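>>> Any chance you can model this:
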Amino acid sequence: MEHHRQRQDHQEEYESGLEVVAAAAPSPWRPNDVPLPEVAPYAHSHSDVDAKAAQLPLVADNALAWDRYHKHNPGLEVVVVPAYGPGDQRKLCGVRRKPCYVVIAVAVVIVVAAVAIGVGVGLAVARRSQGDSGGSGPTNLESTKDAKITCPAEDNVTFSAQDHPDRHFRLICGHDFNSQDGAMDLASANTTTMAACIDLCAARPECVGAGWGDYYGNRICWMKSLLGEMNTSGNWLFAVDVDKTSV
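Have a look, this model is predicted:
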């Protein structure tokens, strides 16, 4: 009993001199802590492995990831997988890109051509319409050759001169242009009809209008080179050149 107590005291005295150190926390795992496993060469003699398959190189999606592994196995060949093979081309809307681009280009050309043709036809029609509306004068003209001009039946009717059909005159009933209001007399002549008066004016390029009526018992045609202001004049008839005046 006493021997056991002495032994216990001696053990306590010995253990009291020890220094207790706390266990350190484990460090995080790093790839270098565990080496990559070695892969046996492909050229082995198992009967179930095809000889050609054994000689094929390893395929890696990322060559950089295989750098360390390649150092440990210098006899291995690393081949990067291509994005797509020759027979696996990228597609657009389910169609190979090259044919799809060709179809799109053809469609664009057709649309541009259609727009250009439409614009051209529209401009041509517009110009033709302007030419028809802005021509030398009305299309339905009555020639002075057979015309029996009376007022007010023919008021504002346009006539063409029989000997000069390119000259067109519009009849104005009950009005005149005299020198007191700015008109300039060109010449005068006796005529039996208003149609004959229009023919006389048409024969003279400088004539822009002519008045006709009874002047002291005579049928007189007064031709004008300038009209001036229009005035009211009873039974007087006046014809103005539609291409040379704005009346």
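
>>> Give the rounded mean pLDDT of the longest strand anywhere in the chain.
Determined from DSSP state E, the single longest strand within the chain is strand 231-241. The pLDDT scores in strand 231-241 average 93.

>>> What of stretch 165-178?
Stretch 165-178 comes out at a mean pLDDT of 95.

>>> buried stuff in it?
For stretch 165-178, a neighbour-count test (16 or more other CB atoms under 10 Å) marks 167-173, 175-178 as buried. Any C-beta I mention is one placed from the backbone N, CA and C, and that applies to glycine too.

>>> Ok, stretch 227-240 next?
Buried, per 16+ other CB under 10 Å, within stretch 227-240: 227, 230, 236-240.

>>> Redo the residues you listed as a markdown table? Include distance to P99.
Output for these, formatted as a markdown table (distance: CB to CB, whole Å):
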| residue | distance to P99 |
| --- | --- |
| L227 | 74 |
| M230 | 76 |
| W236 | 83 |
| L237 | 79 |
| F238 | 77 |
| A239 | 74 |
| V240 | 71 |
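
>>> among those residues, which two are most distant?
Spatially, the most separated pair among these is L227 and L237, at 14.7 Å (CB to CB).

>>> Show the backbone phi and psi for the closest residue to V240 other than its chain neighbours.
Leaving out its chain neighbours, the residue that sits closest to V240 by CB to CB, 6 or more residues apart in numbering is G209, at 4.3 Å. Per-residue torsions, G209: phi -180, psi 160 (degrees, to the nearest 10).

>>> Show me where this structure has its helices.
Taking DSSP state H to define them, one finds helices in the chain at 2-15, 51-54, 67-72, 97-133, 194-202.

>>> residues making contact with the longest strand of the chain?
149, 151, 159, 167-178, 181, 194, 197-198, 201, 207-214, 227, 247 (CB atoms under 8 Å, 6 or more residues apart in numbering).
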